[in-house]
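> just a sequence and a predicted model for now, questions to come.
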Amino acid sequence: MNQITDHPLYRVHSIDTAMNSTWEFYRKRFVALFLMGLIFSLIIQYISSSINLTELQSITDINEMMNSMKDYLWPMIAVSLVSLLFTAILQYYVIYNPLDSEKNALRCAINSMRYYFPYLIIMVFLAIAGSFALFLGLIILVIGAAFAAIWIMMLYLFVLPVMMVEGPDIGNTIARTISLSHRSFWPNLGWTAVFLILLLVITFILSGLIVLPFTGSLFRTLTNPEEAAVISDLASKPLYIVLSALMNALTMPLLPIFAAVLYFNARAREQKATEWVPMEKEDNKVKVEDLYAKPLPEEDSK
C-alpha cells in the first residue's frame, strides 16, 4: 500500500481547493460510493420504519409520553449504532481505497471493525462534551449554540481519520483530534460551517423532491409547515423508504470525504511546518578556538 502522503486528498488546502477536492473525489468514485450509501441507507430506513413518533403528538400527559418513548428506545439505539458502523466503513474506504485498489467495499467493512468500538467510546465522550458545550451556547443564545454545534461537528469529523491513520488508541485519538483541529482553528471551523450549510441546503431540496409524489407540489412542501408535517405519516410506505434511501445514498459519502480533506490538510500543514524548521549544520557551529583571536602573520614569523 502506498504512503498516506500519496492520497489524492493529501495537500495543503484553501477553502476553494477543499470544496473542489471533495467534489472531485466524490465524482470520480461516485458509483462505488453511491452503491455503498444506498445499501446502508436502505438498512437504516428499514430499522427506522419501526419508529413512529407521530403517535406521540396526541399525547399530552408527560408520564404517558415517557412510557411511550420507551417502546422506541431500542430501535433508536439500533439506528444510531448501525449509522456509526456504516460511517466507519465509508471513512475507511475513503482513506484507504485510493491507496490500495484491493481494499474494496467488503475488505473495508471487515478492516474498519477494529476501529468501531473505540469509535463508540469516543462518541460517548463527544456527546457529553457536546451537551455541555450546547448548554453553555444556549446561555449566549442562538449564536453561542450555533458556534458550539459547529465546533463539536469539527471535532467529530477529525475523529475517524485520526483513528484510522494513526491507530485506534483512544487517548492518542482524542489528543491528536484536539491538536490537529485546533492548529488552524478558525479555517477548520469556517470550512466546517460552509460545508454544513451546503449539505443542509442540498438535503433540504432533496427532501422536498422525495415527498413530491405524495404532496404534488414542491413549493408547498418547502414553504407550508402543514404539508411538511405529512412526511411523518409516510415513513412506513415502501416508495418513501426507497426514495429516502436514494437521497441518503447521494449525500452520505460527502461527510467522510470532507472529513478526510480536513484531516489531510492538517497533516500536510503539520508536515510543511516541520520541514521549514532550520536544521543546525556542523559547519555553522561555533567552536571553542573561534573565540580566541588568531595570531597575525607577522607574529608567526617572529
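On my side now, so go ahead. Numbering: from 1, shown residues only.

> how about the contacts made by the residue nearest the centre of the chain?
Centroid-nearest residue in the chain, with CA atoms, centre = their mean: Leu157, separated by 3.0 Å. Residues counted as contacts of Leu157 (CB atoms under 8 Å, 6 or more residues apart in numbering) are Thr192, Leu255, Phe258, Ala259, Leu262, Tyr263. Just so you know, the C-beta spots here come from the backbone N, C-alpha and C atoms, and that holds for glycine as well.

> which strand or helix spans it?
helix 141-166 (DSSP states H and E).

> cool, Leu196 as well?
helix 185-210.

> quick one: Ile205 from Val242, how far?
According to CB to CB, to the nearest Å, Ile205 and Val242 sit 18 Å apart.

> who has more neighbours out of the two?
Neighbour totals were compared for Ile205 and Val242, and Val242 leads with 15 against 12 (other CB atoms under 10 Å).

> what helices or strands is the host helix or strand of the more buried one leaning on?
For Val242, the element it lies in under DSSP H and E is helix 238-251. Using 3 or more CB pairs under 8 Å, 6 or more residues apart in numbering; DSSP states H and E, the elements in contact with helix 238-251 are helix 30-48, helix 185-210, helix 212-215.

> re the thing from before, so what pLDDT did the residue nearest to the centre of the chain get?
pLDDT, Leu157: 96.

> again with Leu160
So, for Leu160, pLDDT stands at 96.

> what about the residue nearest to it when sequence neighbours are not counted, how many residues nearby?
Counting by CB to CB, 6 or more residues apart in numbering, the nearest residue to Leu160 once its immediate chain neighbours are dropped is Gln91, at 4.3 Å. Number of residues near Gln91 (other CB under 10 Å) recorded here: 27.

> can you tell me what sits against the strand or helix carrying Gln91?
Assigned by DSSP H and E, Gln91 falls within helix 73-96. Residues outside helix 73-96 that contact it (CB under 8 Å, 6+ apart) are 1, 7, 25, 32-33, 36-37, 40, 43-44, 47-48, 50-51, 103, 105, 108-109, 111-113, 115-116, 119-120, 123, 160-161, 164-165, 252-253, 255-257, 259-260.

> pull out the buried members of those.
Among the contacts of helix 73-96, those classed as buried by neighbour count (16 or more other CB atoms under 10 Å) are 7, 25, 33, 36-37, 40, 43-44, 47-48, 103, 105, 108-109, 111-112, 115, 119, 123, 160-161, 164-165, 252-253, 255-257, 259-260.

> please tell me how far the residue nearest to Leu160 sits from Ile139.
In terms of CB to CB, Gln91 sits 33 Å off from Ile139.

> equivalent analysis for Ile152, please.
With CB to CB as the criterion, Ile152 and Ile139 are 16 Å apart.

> now for the closest residue in space to Pro118 that isn't next to it in sequence: which residues touch it?
Leaving aside its chain neighbours, Pro118 sits nearest to Pro168 (4.6 Å; criterion: CB to CB, 6+ apart). For Pro168, the contact set (CB under 8 Å, 6+ apart) comprises Arg114, Tyr115, Pro118.

> can you give me the neighbour number for the closest residue to Leu206 other than its chain neighbours?
Distances taken as CB to CB, 6+ apart place Met247 nearest to Leu206, at 4.5 Å, with adjacent residues excluded. Neighbour count for Met247, taken as other CB under 10 Å: 19.

> ranking the helices and strands packed on helix 238-251 by burial, who's on top?
Across these, averaging neighbours per residue (mean count of other CB atoms under 10 Å) puts helix 30-48 on top, at a mean of 17.

> packing partners of that one?
Short answer (3+ CB pairs under 8 Å, 6+ apart): helix 30-48 packs on helix 73-96, helix 105-111, helix 238-251.

> list of residues touching that helix?
With CB under 8 Å, 6+ apart as the criterion, helix 30-48 contacts 26, 75, 78-79, 82-83, 86, 89-90, 93, 97, 105, 235, 241-242, 244-253.

> just give me how far it sits from the chain centre.
Offset of helix 30-48 from its chain centre (CA atoms, centre = their mean, to the nearest Å): 17 Å.
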